[in-house]
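Colleague: Here's my sequence, what's the structure:
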Amino acid sequence: MAPDRLSDSPVRRHFRPILWFGVWSYSFCLLTGASWGASDPTAPPPERTDQLAGLVRVYLPLTGSADQVLQNTIRRLRDRLLVQAKEQKDSRRPLLVLQLDTQQVGEDAGESRFERAFSLARFLCSREMAGVKTVAYVPHNLKGHGVLLALASEEIVMSGDATIGAAGADEAADGAIQQTLVSAYREIAETQRTIPVALAVGMIDPQVEVLQVEAEDGTHFLLQEEFDEFTANHEIINEKVLVPEGTLAEFDGREGRQFGFVKYLASSRKGLATALDVSLDSLAEDESLAEDWRPVVIDVTGELTAQTASRVETLLGVSIEQQNANWICMRIDSSGGDIEAGLRIASALARLDANSVRTVAYVPAEATGAAALVALACDQLAMAPTARLSSVTAKAKKPGDAAARENAAAVQSIRQSLSQRTDHPWSLLSAMIDPTIELAEYQNKETGDTRFLSPAELQEMDDAAAWQHRDDIELEKGRLSFDGQQALERGVAWRTVDTFDELKQPFGLQGEISNPQPNLALEFIEALATPELAMILLMVGFAGIYIELRTPGVGIGAFIGAVALLLFFWSKYLNGTAGWLEVLLFAGGFCFVMLEFFVIPGFGVFGLGGGAMMLASLVLASLTFVRPHSEPEVEELSRSVGTVALAGLGMMAIVLVTRRYLPQAPLFRQIVLEPPHDEELDELGMRESLADYANLIGMQGTAATDLRPSGKARINHELIDVIAEGEPLDNGTPIVVVEARGSRVVVQAAEQS
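Modeller: Got it, this is the predicted structure:
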């Protein structure tokens, strides 16, 4: 074989020392850890700066002017992020995260107005937002036109169990979708290309069929009408119907990740921060970005009662409707009280539209039991570091006793209604009124999210296997209890503040805040609703009716009685214990009694039934339930029955007094003719006993009035009181006298005789 010409060439001999020097230097660097161009090895590595990010929480459904409010908030956050990026000389686009939350957690966020959602979606796709990258975070099920906001974002992050789709679920039940809506979804999908256009159309229009097609260049999502054109230019490997005709496309987070339109999976903000590679603090809501706050403070102090609940509900309505408040602070310092009252207040707060009204609970000292339930029902909870958020004291209960039934009913209400409108698990909410519920802290192995769960709630979760036990929650002196710092560390509280002024700072609030108090009208209503005044109103009402019956034609008794009964039912209605049922029962019962008294002779079904209806309405008017289920409700029923019974006794006393002394009252004597004295009564009786109409038997005459059955008739040119025998007779009917005993004259129709 011929030798290699270059193996011993002069060029190679010239570069050989240089080559060996390079190899030796490189080996030395590897052994000593040095690198070319490296700085001092003892110097600390340069600090890594997290990407700028901010978060706006969007509560669905969108109604009213929510889109305009959110656009203003998003603009403020965008401007702030761009300024920070310029100051830090960060060339990366800041992340603007939209957390799409339902106002009923665990339920589908339907009923968003299309106009509101489409307006906000077009804003997100506009050039105004080009400087930031929009990210839609979907931690819960997203349904209805709120889906447009996810389509309009550049990236989507979802919880694995959350679903997205069924955008046309709120439209016509017969499946007819306006093509205007389909065009809007197609427009947004084609603009951002976050979700394939075919999938977006399949979410809004049930009349289309969506195919998943495997071709040589990858996976494609097509509408059935596009398939023929696609196959003409591509080699098909596999195809299947992904969304059949007649259904709406809907996918969970894992499917979205598989199909490529979900970028990351995260079930909490902590997981979201990890996925986006940003700091967790950057994803905290900046309260100062919101619209100008119109704040009010409502105090909830002392023991919670039905009266307290009515007062708070009234003040909430006045604050929102009259003062147009959009920031309501519930300043709570209460040791608890009636569970039903706490549920009423908590439900009233949870029902408020979070896009329009922000609710913040402030606990400076204590919130126990039902009061703790009220605090957790607010959007945010702030506590003093030493304040206590605790449950009622645990007591041994038998499964069938009244307290156990009360707790069971309250827990059921929390699970089915209240917990669906808050960010807290139903186990934590329920434990505040029933500490016998086993509660432990669990952590999601995939996301690191932590929650307080009971074994029952854990079993209900679809991803129960992903949650592992982290820590048991021990009761403190027989009850669940957190101080402010513990509540903050465990994610129960939003923040701790030493004073109320410190709470105002994150929201940019200054000066004195309106603290509405019950006005004279509300205090008057509450006074009327007390058992004592309610009993007096009933006594006056029934006494007035009795006086009117004893003195027909005067009207004073009827007027006083009617006013007293109206005040009674009005106060109970505004106090939240009476409704139309009680009013209708009383009115119907009264009509039946009057029918029995004036029309139907005797005292039978109508009289007894009407009286029972009236008594039932008066008892129910003071109750918040129909059938008692607990010991407190039994006590409330006893108080209501006792009030009605005492009112009846008082009415009897008034009747006795009025019969004895009212006829001699000067004012009464001027209104009503004085009854005849005993001598006049004797003389009148003697005259009546001497009257004898036996000579009229057989005579004919004419009925001067309707005889029903008694009335007057003209006989022998004389007007005489008569009684018709048999059927009633009309005025003008010819009659004949068939019987006469003293002053009692019995007649019949002349033709019958």
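Colleague: rest of the way, CA atoms for contacts and neighbours
Modeller: Will do.
Colleague: Leu537: what's it in contact with?
Modeller: Contacts for Leu537 (CA atoms under 8 Å, 6 or more residues apart in numbering) come out as Ala564, Leu565, Leu567, Phe568.
Colleague: mind putting the residues you listed in a markdown table, secondary structure, distance to Lys270 and neighbour count included?
Modeller: Below are the contacts of Leu537 laid out as a markdown table (DSSP: H, G, I helix; E, B strand; the rest coil; distance: CA to CA, whole Å; neighbours: other CA atoms under 10 Å):
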| residue | secondary structure | distance to Lys270 | neighbour count |
| --- | --- | --- | --- |
| Ala564 | helix | 61 | 21 |
| Leu565 | helix | 59 | 21 |
| Leu567 | helix | 56 | 19 |
| Phe568 | helix | 55 | 25 |
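Colleague: Could you find which two of those residues are furthest from each other?
Modeller: Farthest pair in the contacts of Leu537 (CA to CA) is Ala564 and Phe568. Separation: 6.2 Å.
Colleague: Touching both of the two, which residues are there?
Modeller: With CA under 8 Å, 6+ apart as the test, Ala564 and Phe568 both reach Leu537, Leu538.
Colleague: still on that earlier bit, and the contacts of Leu537, which is closest to Ser481?
Modeller: Phe568 (41.8 Å).
Colleague: Tell me if I'm right that the closest one and Met539 touch.
Modeller: No. Counting by CA atoms under 8 Å, Phe568 does not reach Met539; the two are 10.7 Å apart.
Colleague: Need the pLDDT of Gly22.
Modeller: pLDDT for Gly22: 53.
Colleague: now do the one 4 residues further on
Modeller: Taken from the predicted model, the pLDDT recorded for Tyr26 is 47.
Colleague: ok, the spatially most central residue of the chain to Ile339 distance?
Modeller: In the chain, the C-alpha closest to the average C-alpha coordinate belongs to Arg351, at a distance of 2.9 Å (CA atoms, centre = their mean). Using CA to CA, to the nearest Å, Arg351 is found at 18 Å from Ile339.
Colleague: tally of neighbours for Ser65?
Modeller: When neighbours are counted by other CA atoms under 10 Å, Ser65 registers 11.
Colleague: swap in Gln459?
Modeller: Neighbour tally, Gln459, other CA under 10 Å: 12.
Colleague: May I see the buried residues of the helix or strand harbouring it?
Modeller: If you go by DSSP states H and E, Gln459 is part of helix 455-460. Across helix 455-460, burial judged by 16 or more other CA atoms under 10 Å covers Leu458.
Colleague: same question, stretch 482-497
Modeller: Buried residues in stretch 482-497, counting neighbours by 16+ other CA under 10 Å, are found at 482-488, 492-497.
Colleague: Residues in contact with that stretch: which ones?
Modeller: By CA under 8 Å, 6+ apart, stretch 482-497 touches Gln380, Leu381, Ala382, Met383, Ala384, Pro385, Thr386, Ala387, Arg388, Leu389, Ser390, Leu503.
Colleague: which of those residues tops the neighbour count?
Modeller: That'd be Met383 among the contacts of stretch 482-497, by other CA under 10 Å, with 31 neighbours.
Colleague: so what's that residue up against?
Modeller: Tyr362, Val363, Pro364, Ala365, Gly484, Ala493, Arg495, Thr496, Val497, Asp498.
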